[in-house]
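Trainee: Build me a structure from this.
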Amino acid sequence: MNNTSSNTRSLGRLAVLLGLAAGILGAASNQAAAQSNGSASKKGLAGVWAVQVTLRDCTTQAPQGTFNSLVTFHRGGTISESAGSLAFAPGQRSPGHGTWDHKGHDGYRQHMTALVLFTTAPNLPGTPGFDPTKPVSPGFQAGWQTVSHTVDLADADSLTSAGTNAFYKSDGTVYRTGCSTAIGVRVE
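Mentor: Below you'll find the predicted structure:
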């Protein structure tokens with residue numbers, strides 16, 4: 001198989017994935033718009049949030065590193081997210097996009113997807129080939145990442161969340177899953 005044929009297939013799979021994502025986002029956005037965006041707190045979830053994400057071992061909940069993100073919960077139920085994780089090479093991960101919905105009182109659910117545009121090798125301390133001048137990274141395959149969290153408003157200007165993430169190769173195969181928690185403050 002030549003590179004052109006392989007690249008054409010990868011682009012075809014990506015086009016199908018993006019089409020599915022657009023359909024899901026459209027349906028979820030319409031459903032979320034029909035639901036209340038309010039909550040017991042005065043402002044609700046809609047707005048811009050500075051979020052600190054802590055990656056966690058799913059079994060023990062031990063922390064495995066932190067990074068900052070900027071997340072916008074748009075009125076109507078969509079999300080825009082820019083992650084600040086240095087584990088990705090510059091330009092490797094697209095911003096995240098997704099949906100959120102109200103789950104009663106001050107509880108919400110969010111789902112996001114981001115593209116991973118190219119593959120990088122792991123760079124982990126204690127492994128052969130580790131380069132301390134480069135960011136520590138488990139390595140990523142070209143494909144996409146999903147993040148699903150439950151979100152709770154502590155008050156009008158602070159939130160906590162917890163959930164899971166998964167990484168997919170371009171062919172749709174899951175190659176890594178994980179857990180994370182987050183704390184956030186509203187950006188005015």
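
Trainee: In terms of secondary structure, what does the helix or strand hosting Arg109 contact?
Mentor: Take DSSP states H and E as the rule and Arg109 turns out to sit in strand 107-116. On a contact count with 3 or more C-beta pairs under 8 Å, 6 or more residues apart in numbering; DSSP states H and E, strand 107-116 meets helix 3-34, strand 78-83, strand 96-102, strand 143-155, strand 158-169. The C-beta positions use only the backbone N, C-alpha and C, and glycine is treated the same way.

Trainee: which of the residues in the shortest one are buried?
Mentor: What that stands for is strand 78-83. By neighbour count on 16 or more other C-beta atoms under 10 Å, the buried set for strand 78-83 is 78-79, 81, 83.

Trainee: quick one, the strand holding Arg109 and strand 78-83 angle?
Mentor: 60 degrees (axes from the mean of the first three to the mean of the last three C-alpha atoms, to 10 degrees).

Trainee: quick one: pLDDT of the residue positioned nearest the centre of the chain?
Mentor: Nearest residue to the geometric centre of the chain (C-alpha atoms, centre = their mean): Val147, 4.0 Å. We have a pLDDT of 98 for Val147.

Trainee: residues in contact with it?
Mentor: 96, 98, 110-114, 163-165, 180 (C-beta atoms under 8 Å, 6 or more residues apart in numbering).

Trainee: Out of the residues you listed, which comes closest to Val136?
Mentor: Nearest to Val136 among the contacts of Val147 is Ser180, at 16.7 Å by C-beta to C-beta.

Trainee: now the contacts of Val147: which count as buried?
Mentor: Of the contacts of Val147, these count as buried by 16+ other C-beta under 10 Å: 96, 98, 110-114, 163, 165, 180.

Trainee: Dump those to JSON lines, plus pLDDT and distance to Leu45.
Mentor: Below are these laid out as JSON lines (pLDDT from 0 to 100; distance: C-beta to C-beta, whole Å):
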{"residue": "Gly96", "pLDDT": "98", "distance to Leu45": "16"}
{"residue": "Gly98", "pLDDT": "98", "distance to Leu45": "13"}
{"residue": "Gln110", "pLDDT": "98", "distance to Leu45": "9"}
{"residue": "His111", "pLDDT": "98", "distance to Leu45": "14"}
{"residue": "Met112", "pLDDT": "98", "distance to Leu45": "14"}
{"residue": "Thr113", "pLDDT": "98", "distance to Leu45": "19"}
{"residue": "Ala114", "pLDDT": "98", "distance to Leu45": "20"}
{"residue": "Gly163", "pLDDT": "98", "distance to Leu45": "15"}
{"residue": "Asn165", "pLDDT": "97", "distance to Leu45": "20"}
{"residue": "Ser180", "pLDDT": "98", "distance to Leu45": "18"}
